[in-house]
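# missing the sequence, but the structure's below:
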């Protein structure tokens, strides 16, 4: 029995040793933000679009969570991104209509986090 346990331990040891040989994770940047209504309350379920500043098409789409927050990983490296809110079809319980606020330009240099706020209008 003891030899069986020793044999199994020897089989497991090389697997653990190989874990240090894994490739290092690639660096990344993060845009973290909050969507705010005109009264300063965070909004849930707003579609957020992110694109590179030199491109017309959206690369990433995500939704704000229950606290109005969102986060998107991006490739590390020098780049500018445009972040905007899409409120088409978004319904407030009060029935008021929201309008998208200004787009936010985010500059990334390498593997960093950039915090922003998207402020919507009536």
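It's in. Just so it is clear, the model here is predicted, and its values are computed rather than measured.

# give me the element the residue nearest the centre of the chain is part of.
The residue lying closest to the centre of the chain (CA atoms, centre = their mean) is residue 72, at 1.5 Å. Taking DSSP states H and E as the criterion, residue 72 maps to strand 69-75.

# State the mean pLDDT of that strand.
The average pLDDT within strand 69-75 is 98.

# After the lowest-mean-pLDDT helix or strand in the chain, which helix or strand is next? Please name it.
Ranking every helix and strand in the chain by mean pLDDT, DSSP states H and E puts helix 2-18 at the bottom, with a mean of 57. The helix or strand immediately downstream of helix 2-18 is strand 28-36, counting by DSSP H and E.

# got the angle for that next one vs strand 69-75?
Per axes from the mean of the first three to the mean of the last three CA atoms, to 10 degrees, the angle that strand 28-36 makes with strand 69-75 is 160 degrees.

# I'd guessed residue 78 sits against residue 111; true?
No. Using CB atoms under 8 Å, residue 78 makes no contact with residue 111, being 11.4 Å away. Every C-beta, even on glycine, is put in place using the N, C-alpha and C of the backbone.

# So these two - more neighbours on which side?
Taking other CB atoms under 10 Å, residue 78 and residue 111 do not tie; residue 111 has more neighbours (14 against 8).

# Reduced to three states, what does that one come out as?
coil (DSSP: H, G, I helix; E, B strand; the rest coil).

# For this protein, give me the ranges with low pLDDT.
Flagging of the chain using pLDDT under 70 yields the residue ranges 1-21.

# Partner strands of the helix or strand harbouring residue 62, with direction?
If you go by DSSP H and E, residue 62 is part of strand 60-63. Here strand 60-63 is paired, per DSSP bridges, with strand 47-52 (antiparallel).

# hmm, who's touching stretch 31-44?
46, 48, 50, 64-72, 74, 81, 83, 85, 92, 98, 104, 106, 108, 113-122 (CB atoms under 8 Å, 6 or more residues apart in numbering).

# Apply 6 Å and report the result again.
By CB atoms under 6 Å, 6 or more residues apart in numbering, the residues outside stretch 31-44 that reach it are 46, 64, 66-72, 85, 106, 113-122.
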